[in-house]
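# Structure, please.
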Amino acid sequence: MTDLKKIDTYAKKWIKEASDRIKDSFSKELTIQTKSHANDLVTDIDQATERFFIEKINSVFPDHRILGEEGFGDDVQSLEGIVWIIDPIDGTMNFVHQQRNFAISIGIFEDGVGKIGLIYDVVHDELYHAISGEGAYLNDLKIPQMRKTKLAESILGLNATWVTENRRIDSSLLTPLVKKSRGTRSYGSAALEIVYVATGRIDAYLTLRLAPWDFAAGLIIIEELGGRATNLRGEKLNMLEGGSVFFANEELHDEIMKDYLHNGKW
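Residues are numbered from 1 along each chain as shown. Reported below is the predicted structural model:
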């Protein structure tokens with residue numbers, strides 16, 4: 001029997017230690033590199049934070065495997081056993097430019113099933129966390145089950161990229177959705193936008209391209225609160241490859257899928 005409480009306790013301890021290291025870096029000069037394109041940034045702090053988690057996990061849970069954004073973990077080809085899916089700093093551009101609006105994100109899976117989700121907004125000291133079957137919390141406050149909303153009364157988390165000319169989709173596909181909603185927001189951190197859906201700060205989050213470490217923790221928290229998480233075709237999320245994502249309460253998810261996404265080429 002897996003001791004989830006023990007894993008959760010260690011994970012929270014390491015998140016707080018990592019966050020202190022990140023905050024200590026604010027007064028120092030960052031080493032910034034790019035990855036897939038000029039706006040896909042990575043810093044020495046991203047890399048050092050991932051290495052920190054790997055060292056800690058390996059020392060206490062040597063049989064666990066790690067899938068991390070910066071590539072210092074294991075070559076994970078399946079979710080058998082216990083797998084930690086880690087984004088050491090989700091929202092690196094915000095970290096570089098603003099020193100806020102970024103998060104540490106950790107999703108822990110056992111045989112492909114999400115068990116523990118942890119998302120820590122470092123600057124605002126907000127830890128969103130859930131153990132499967134035990135509810136979800138913001139720090140010590142229990143988060144209520146997600147309320148139902150209709151699109152006309154909803155705020156959507158959606159990057160302007162997808163409703164302006166881009167190389168992935170016809171930008172007009174999502175325009176009717178945006179027009180019918182109450183408004184849109186974009187915060188620059190998928191992990192934070194997902195937990196904003198969980199807490200009702202926004203009502204849905206949609207994007208065309210995310211990696212597993214961007215949404216793994218948020219998936220566990222959203223599902224614990226009765227929300228729905230799929231890709232834009234309404235299919236189960238791919239936890240090894242990523243892709244498009246759509247998080248919302250069940251009623252809003254149904255409405256948007258039926259009226260706005262069913263004909264799209266996602």
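# Around the closest residue to residue 227 other than its chain neighbours, how many other residues sit close by?
Excluding its sequence neighbours, the residue lying closest to residue 227 (Cβ to Cβ, 6 or more residues apart in numbering) is residue 146, at 4.7 Å. For every residue, glycine as well, the C-beta is placed using N, CA and C. Residue 146 sits with 24 neighbouring residues when counted by other Cβ atoms under 10 Å.
# host element of residue 146?
Following DSSP states H and E, one finds residue 146 outside all helices and strands.
# residues touching it, list them.
Neighbour list for residue 146: 197-198, 200, 222, 225-227, 249-250 [criterion: Cβ atoms under 8 Å, 6 or more residues apart in numbering].
# Just the buried residues out of those, in PyMOL syntax.
Filtering these down to the buried ones (16 or more other Cβ atoms under 10 Å) takes a single PyMOL command:
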select buried, resi 197+198+222+225+227+249
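# Closest one to residue 262 out of the contacts of residue 146, please.
Of all the contacts of residue 146, the one with the least separation from residue 262 (Cβ to Cβ) is residue 250, at 16.4 Å.
# and the contacts of residue 146 as a markdown table, adding pLDDT, distance to residue 152 and secondary structure?
Compiled in a markdown table, the contacts of residue 146 are given as follows (pLDDT from 0 to 100; distance: Cβ to Cβ, whole Å; DSSP: H, G, I helix; E, B strand; the rest coil):
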| residue | pLDDT | distance to residue 152 | secondary structure |
| --- | --- | --- | --- |
| 197 | 98 | 17 | helix |
| 198 | 98 | 21 | helix |
| 200 | 96 | 16 | coil |
| 222 | 98 | 22 | helix |
| 225 | 98 | 23 | coil |
| 226 | 97 | 22 | coil |
| 227 | 97 | 19 | coil |
| 249 | 96 | 14 | coil |
| 250 | 96 | 17 | helix |
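# In JSON lines, list the contacts of residue 146 along with distance to residue 46.
What follows is these, written out as JSON lines (distance: Cβ to Cβ, whole Å):
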{"residue": "197", "distance to residue 46": "24"}
{"residue": "198", "distance to residue 46": "24"}
{"residue": "200", "distance to residue 46": "30"}
{"residue": "222", "distance to residue 46": "25"}
{"residue": "225", "distance to residue 46": "29"}
{"residue": "226", "distance to residue 46": "33"}
{"residue": "227", "distance to residue 46": "28"}
{"residue": "249", "distance to residue 46": "32"}
{"residue": "250", "distance to residue 46": "35"}
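# so how far is residue 220 from residue 251?
When Cβ to Cβ, to the nearest Å is the yardstick, residue 251 and residue 220 sit 21 Å from each other.
# Between these two, point out the one with more neighbours.
For the pair residue 251 and residue 220, the greater number of neighbours falls to residue 220 (27 against 16), based on other Cβ under 10 Å.
# After the strand or helix carrying that one, which helix or strand is next?
The secondary structure element spanning residue 220 is helix 212-224 (assigned by DSSP H and E). Sequence-wise, the next helix or strand beyond helix 212-224 is strand 228-230, with elements assigned using DSSP H and E.
# circling back: name the helices or strands packed onto the helix holding residue 220?
Secondary-structure packing of helix 212-224 (3 or more Cβ pairs under 8 Å, 6 or more residues apart in numbering; DSSP states H and E): strand 65-68, strand 82-90, strand 103-110, strand 113-121, strand 126-131, helix 190-199, strand 228-230, strand 243-248.
# Now do that helix against helix 190-199, angle only.
Between the direction of helix 212-224 and that of helix 190-199, the angle (axes from the mean of the first three to the mean of the last three Cα atoms, to 10 degrees) works out to 10 degrees.
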